[in-house]
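*Asks:* Return atomic coordinates for the entry below.
(2 chains)
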Amino acid sequence: MKPIDRRSFLKSSLAGATAVSLTGQRLLAAQTAAPNVANSSVPGIIDTNVNLFDWPFRALKYRDTKSLVAKLKKHRIIEAWAGSFDALLSKDMNGVNTRLAIECREHGLGFLIPFGSVNLAWPDWEEDVRRCHEIHKMPGLRIYPGYQPFDLDHPGIESLVRMTSERGLILQVVFGMEDPRVYHPIINVGPVTFAPLLKAVESTPNAKVQLLHFSGSAKGDDLSQFMVQANTFMDISRLEGNGAVGRMVGSIAGLPSARVPVERIVFGSHAPYFPVETALLKLIESPLAAQQLRAIMQGNARRLLPRA
Amino acid sequence: MNPREFFVNPADYGLPTRDELVAYRIWDNHFHGFAARNPIEQNEQNNFFVERMGIERSIAQEIGGTLEEPFAPYQHDAEILKILERDKDRLSGRTPIDPGFPDESCAKIEKWIRNGPCIGIKYPGTGKKAVTCSHPNNDPIMRLAAELDVHVYVHTWLKVGGTPRLPGGDNLRSESTPMDVARLAQRFPNVALICGHSGGDWELGVRAVRPFKNVLLEFSGSDPHSGMVEYAIRELGVDRLVWGGHGPSRSYATELGKVLDAEISKADRMKIFGGNLRRICASIFRKKGMKIEL
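*Replies:* Numbering: from 1, shown residues only, chains lettered A, B, ... in the order given. Below is the predicted model of the structure:
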């Protein structure tokens, strides 16, 4: 058994992921049975999609930030980009973002990276962009269309993409939080339309935009067109079906898709709503080569957000 | 790539290795390998993932006809039967029926279970008439199931919608709810029923079937929610839970994650991953002369 070591992992990640290669170190299935999470030579994972605080409709198992951090670390997550469930239904976005910044600092300094939110339907959201960037020193923003009462055809979306780009911020766009079939009856969130985001990104070509909890389905070749841009990414949390990650990057013979280059796929768990195990197992389930795994686990996210 | 070839060690990420997954003896209660325009090809392709994730046995949900047309001759039946025989050590099947047509359903059970290879009855949610599993039409089907000592799988959901907007209000006309399963279970306490998809909305589904000990709850085909398995164990007990992969449309990763999220003993995981399903399958396996190790 010869797992990926840290030196070769980082070297490969910095070089960027390229085409599928099956010439990396090979590891057959007879691994050690005991968890080995303390071994520092094994590369960690950057989770680009977690949320803190309380999901409005259920007391989640890992709702307490300390327990969530411990859980993520147990699975060798080395950094987690954190939004706030409070952003879904709150009107005081400044309060939401301030609490998020404090929580990340107090319970996960250097581990939890806060991604504040702005609500395009609320007045003065531009000031929230400024505060997230200048006061809270956040590296990016996360919006939740639908729960926040706007779709991506909102006239402010192009301004938001431009503003975040000018400030060097990452914009994460959440395409869903849960299966619409099990919404609480008082919630009726429509589907998020993709096309206006593509238009906004095309008009700001260097914008750093990440799709979160995106199923991969978009009209026509909109997703491929989106990924043509320089700094566009998506996480794996919503990819579904056996071998879904591999199919998305085209690593499964006989199952063509390859709609997203592997260098644009990043790890995202959607924890604590989803079990973090689910996203981790997707990496095991799909037949991914060592270089592809390195890219998805850490390299691509680090390219999007270099370590300070 | 060899399905047993991995480039990271799952144990390094707090996950079970393939050997450990194999040791759990996973029986996939919900396999849709043959639900496709090209069912043979799809099943063969999915075998890569069956092997990779260490699944011991899969229970195909559509043997004999399709879920939409359970009584119509199906051009792929003969080939699927050959595969069932070829892969009998790792593949079994249920046959779909439609309680809108109880006589045809009973005839199909006779053909495909008493005199055929199937080991269970499948209730789809796509029947031609507005007949769910709680309707009196189901009684002859259930009496036959009791006679054969064979379990009954019921697709259930609670799709929110309707006026007033409520869980189940957007179900199809023949799509059963977990409350329908509860009503059926009350009438037939001697038949093992599986409430599919954990009722669709597991927080409500679990409570709907809780009083009826002959109902098992299946985790498959819905999103993975952290804490869902522990909740079900608290309300139902671990002996009433079964696991399904719902592949290939759902991911084994998604479904395995639900159970691995739960902080439970290995013995309890083994019950959910396969032990409980083997328990309710044992009688029909033995009647058919099929080896089953509980």
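
*Asks:* can we go C-alpha only for contacts and neighbour counts from here?
*Replies:* OK.

*Asks:* Now do the same contact list for residue A:136.
*Replies:* A:98, A:101 (Cα atoms under 8 Å, 6 or more residues apart in numbering or on different chains).

*Asks:* List phi and psi for it.
*Replies:* phi -90, psi -10 (degrees, to the nearest 10).

*Asks:* just residue B:243 next, same as before
*Replies:* Dihedral angles for residue B:243 - degrees, to the nearest 10 - are phi -110, psi 140.

*Asks:* so it bridges to which residues?
*Replies:* residue B:219 (DSSP bridges).

*Asks:* so what secondary structure elements neighbour the helix or strand encompassing residue A:102?
*Replies:* In this structure, residue A:102 sits in helix A:93-108 according to DSSP states H and E. Using 3 or more Cα pairs under 8 Å, 6 or more residues apart in numbering or on different chains; DSSP states H and E, the elements in contact with helix A:93-108 are helix A:65-74, strand A:77-84, strand A:112-116.

*Asks:* quick one: which of these is nearest chain B?
*Replies:* Comparing these against chain B with Cα to the nearest Cα, the closest turns out to be helix A:65-74 (6.5 Å).

*Asks:* buried set for that closest one?
*Replies:* A:65, A:68, A:69, A:71, A:72, A:73, A:74 (16 or more other Cα atoms under 10 Å in any protein chain shown).

*Asks:* returning to that earlier point: save the helices and strands packed on helix A:93-108 as JSON lines, and put in mean pLDDT and distance to chain B too.
*Replies:* Compiled in JSON lines, the helices and strands packed on helix A:93-108 are given as follows (pLDDT from 0 to 100; distance: least, Cα to the nearest Cα, whole Å):
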{"stretch": "helix A:65-74", "mean pLDDT": "98", "distance to chain B": "6"}
{"stretch": "strand A:77-84", "mean pLDDT": "98", "distance to chain B": "8"}
{"stretch": "strand A:112-116", "mean pLDDT": "98", "distance to chain B": "19"}
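
*Asks:* picking up where we left off before, which among the buried residues of helix A:65-74 gets closest to residue B:4?
*Replies:* When these are ranked by distance to residue B:4 (Cα to Cα), residue A:74 comes first, at 24.7 Å.

*Asks:* Close to chain B: what parts of the stretch 101-250 of chain A are there?
*Replies:* A:178-186, A:240-244 (Cα under 8 Å from any Cα of the partner chain).

*Asks:* dump the residue contacts of the nearest residue to residue B:162 once chain neighbours are set aside.
*Replies:* What sits nearest to residue B:162 in space, not counting adjacent residues and going by Cα to Cα, 6 or more residues apart in numbering or on different chains, is residue B:169, at 4.4 Å. By Cα under 8 Å, 6+ apart, the contact list for residue B:169 reads B:158, B:159, B:160, B:161, B:162, B:163.

*Asks:* Could you rerun that using 7 Å?
*Replies:* For residue B:169, the contacting residues are B:159, B:160, B:161, B:162, by Cα atoms under 7 Å, 6 or more residues apart in numbering or on different chains.

*Asks:* Now it: which helix or strand?
*Replies:* Secondary-structure assignment from DSSP H and E places residue B:169 in no helical or strand segment.

*Asks:* before we move on, what about residue B:216?
*Replies:* Taking DSSP H and E as the definition, residue B:216 sits inside strand B:215-219.

*Asks:* Flag every buried residue along the following helix or strand past that strand.
*Replies:* Taking DSSP H and E as the definition, the helix or strand that follows strand B:215-219 towards the C-terminus is helix B:228-236. By neighbour count with 16+ other Cα under 10 Å, helix B:228-236 contains the buried residues B:228, B:229, B:230, B:232, B:233, B:236.

*Asks:* could those residues go into a markdown table alongside distance to residue A:164 and pLDDT?
*Replies:* Formatted as a markdown table, the entries for the buried residues of helix B:228-236 read as follows, by distance: Cα to Cα, whole Å; pLDDT from 0 to 100:
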| residue | distance to residue A:164 | pLDDT |
| --- | --- | --- |
| B:228 | 37 | 98 |
| B:229 | 40 | 98 |
| B:230 | 41 | 98 |
| B:232 | 44 | 98 |
| B:233 | 46 | 98 |
| B:236 | 49 | 98 |
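
*Asks:* Chain A next: which of those residues are close?
*Replies:* Here nothing survives when the buried residues of helix B:228-236 are matched to chain A using Cα under 7 Å from any Cα of the partner chain.

*Asks:* quick one: residue B:21 and residue B:54 touch, right?
*Replies:* Yes. Checked against Cα atoms under 7 Å, the pair residue B:21 and residue B:54 is within contact range at 5.6 Å.

*Asks:* How about the residues of the stretch 51-200 of chain B by chain A?
*Replies:* For the stretch 51-200 of chain B, the residues found near chain A under the criterion Cα under 7 Å from any Cα are B:52, B:53, B:159, B:160, B:165, B:166, B:167.

*Asks:* Next, count neighbours for the fifth one.
*Replies:* Pointing back at residue B:165 there. The number of residues packed near residue B:165 is 16, by other Cα atoms under 10 Å in any protein chain shown.

*Asks:* Excluding chain neighbours, give the residue nearest to it in space.
*Replies:* The shortest distance from residue B:165 to any non-neighbouring residue, by Cα to Cα, 6+ apart, is to residue A:185 (5.7 Å).

*Asks:* what pLDDT, on average, does the biggest helix by length in chain B get?
*Replies:* Scanning chain B for the longest helix, with DSSP state H as the assignment, gives helix B:39-52. The predicted model gives helix B:39-52 an average pLDDT of 97.

*Asks:* buried ones in it?
*Replies:* When burial is assessed from 16+ other Cα under 10 Å, helix B:39-52 yields the following buried residues: B:39, B:40, B:42, B:43, B:45, B:46, B:48, B:49, B:50, B:52.

*Asks:* Same question for stretch B:286-294.
*Replies:* Buried residues in stretch B:286-294, counting neighbours by 16+ other Cα under 10 Å, are absent.

*Asks:* What residues sit buried inside stretch B:251-268?
*Replies:* Within stretch B:251-268, the residues scored as buried using 16+ other Cα under 10 Å are B:251-262, B:268.

*Asks:* Cross-check these against chain A and keep the overlap.
*Replies:* The subset of the buried residues of stretch B:251-268 lying close to chain A, counting by Cα under 7 Å from any Cα, consists of B:251, B:252, B:253, B:254, B:257, B:258, B:260, B:261.

*Asks:* that older thread, ok and the helix holding residue A:102 relative to helix A:65-74, angle-wise?
*Replies:* Using axes from the mean of the first three to the mean of the last three Cα atoms, to 10 degrees, the interaxial angle of helix A:93-108 with respect to helix A:65-74 works out to 60 degrees.

*Asks:* and the angle for helix A:93-108 with strand A:112-116?
*Replies:* Orientation note: helix A:93-108 sits at an angle of 180 degrees relative to strand A:112-116 (the same axes, to 10 degrees).
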